[in-house]
Each structure stands twice: as structure tokens, then as C-alpha cells.
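Participant: quick one, fold the following:
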Amino acid sequence: MTGRFVVVDGPSGVGKSTAIARLVQLLRGEGRQVHPTKEPTHTTLGRTARYGTDEYRGLTLACLVAADRYYHLETEVRPAISAGKLVLCDRYLATSLVLQRLDGVDVEFIWALNRYAERPDLTLILTGDPVLSRTRAAARGIHSRFHRGGPEAGSRERDLYDQAVGELAAAGHLVHVHEVGEQTPDEVANALLVRVREVLGSHTPTGDTARSSES
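Facilitator: Residues are numbered from 1 along each chain as shown. You can find the predicted model right below:
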């Protein structure tokens, strides 16, 4: 049995990690084999990409992030999918399309770097109020220069995620955007669970973009 590859992405502080933790619990409660993971990874490459943003910039950082991604795919993601597991990844290509662009890297170069990276079965993009997101990110602790700048920088980041959604869909990725609003992590996770079940239950046509929000 072949597994599936689902990505959860979105601006810093929007609540990805907490929602993913809840989603993993829900999926495992249904008896599914789930392999949670994240980018940058916990490898030497990943730690350098995560904590080295003040030292590495532009093309150098873009190449470092891509190298970490390919190592991640080779050593963790592909084996888990081959074992029939659902890989649930915190951050992936959408992050590169946003952060590397904020760093002045041409979008064509970003796509070229990621040419051989697997296309997820589903990319879930969380989005919300940049003021709240940046407040959460600051409270959690800032380890990257991309997390600095307050709400204005958060608005720019959110706008670029909106742009990345269209680019991913145009490239054949199945993308769903979820507006977090004032939802609790459990409410967000339950909403995402609906979309993940659709992918697990059947092959969904690629290249579509959908949006949802709190009820």
C-alpha cells in the first residue's frame, strides 16, 4: 500500500504546529499510520537553515534550504510513503516560495531548485490575522530574521502566501486554504481532517484551489 504526502504551511505564528499535533492525534485515533515531520529538519543541514538566517542569505540560503529538503525526502519522506504511511509535513515548498522571495531570490530560480521535489497529495495553507500571528511568533521566541518586523512584515508574508497558492495550483498542486480566524486549534484540526480524509479516500484531481473559514 502506498502512503500519502500532506503538507501544512502558512505564515509564522498562524498556528501550524499546534494544529498539526491535534491533527496527528485525530488521524491516529482513526487507526491511521501517520508520520509527522517538519522543515527545516532536525539534521545539521536543517539546523543551519533554521538558525543561520542572519549569516546566510539570498541564493546561498535558498540552496541550503533546497539541500535540506532533498535530504529530507531521501531519508525520511519517501521511505515513510513507501511503507504506506501518511506523511504530514510542517512547511514545504510554499515556505520557499515566500521566504526565499522575501530574500530577493527570483521565483523561477526557486522553482528550478525544487524541480525534483515530490509534489504533495495535498497542501493545506493556514492563514489569519498577521497581527495575531506575529504576536504569537514573538511570544514563542524568534530564531529567524524572517520572523522580525511585526505586523507589517506579517502582512507582506501573508500576501506572498496568497500568491504562492496560485502558483502552486497553476503547477498542478492540490491546494486548500483555511482561514483560521478565531478558531481554536481543535476546530482548525477538525477542519483540516475533512480535507485529509478526502485525499486518503480517493485520488482528487490536481491543480485545484479551495478555501474555507470558520463557521
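
Participant: now for the longest helix anywhere in the chain, which elements pack on it?
Facilitator: Longest helix in the chain, counting residues (DSSP state H): helix 150-170. Here helix 150-170 touches helix 93-102, strand 122-127, helix 130-140, strand 175-179, strand 209-212, going by 3 or more Cβ pairs under 8 Å, 6 or more residues apart in numbering; DSSP states H and E. C-beta: built from backbone N, CA, C; applies to glycine.

Participant: from the chain's centroid, how far away is the second one?
Facilitator: Mean-position distance between strand 122-127 and its chain equals 7 Å (Cα atoms, centre = their mean, to the nearest Å).

Participant: what's that strand packed up against?
Facilitator: Checking 3+ Cβ pairs under 8 Å, 6+ apart, strand 122-127 ends up next to strand 4-9, helix 93-102, helix 150-170, strand 175-179, helix 185-201.

Participant: and the ones you listed, which one's lowest on average pLDDT?
Facilitator: Per-stretch mean pLDDT for the helices and strands packed on strand 122-127 is lowest at helix 150-170 (a mean of 91).

Participant: what about the nearest residue to Ser17 once chain neighbours are set aside, distance to Arg47?
Facilitator: In space, Ser17 comes closest to Asp90 once its chain neighbours are excluded; the distance is 5.9 Å by Cβ to Cβ, 6 or more residues apart in numbering. Note on Asp90: its distance to Arg47, by Cβ to Cβ, to the nearest Å, is 15 Å.

Participant: where does the prediction get shaky in the protein?
Facilitator: 1, 133-134, 136-143, 202-215 (pLDDT under 70).

Participant: quick one: list the elements packing against whichever strand or helix holds Leu61.
Facilitator: Assigned by DSSP states H and E, Leu61 belongs to helix 58-72. Secondary-structure packing of helix 58-72 (3+ Cβ pairs under 8 Å, 6+ apart): helix 44-51, helix 93-102, helix 107-113.

Participant: and those, which is most packed in?
Facilitator: Highest mean neighbour count among these (mean count of other Cβ atoms under 10 Å): helix 93-102, with a mean of 22.
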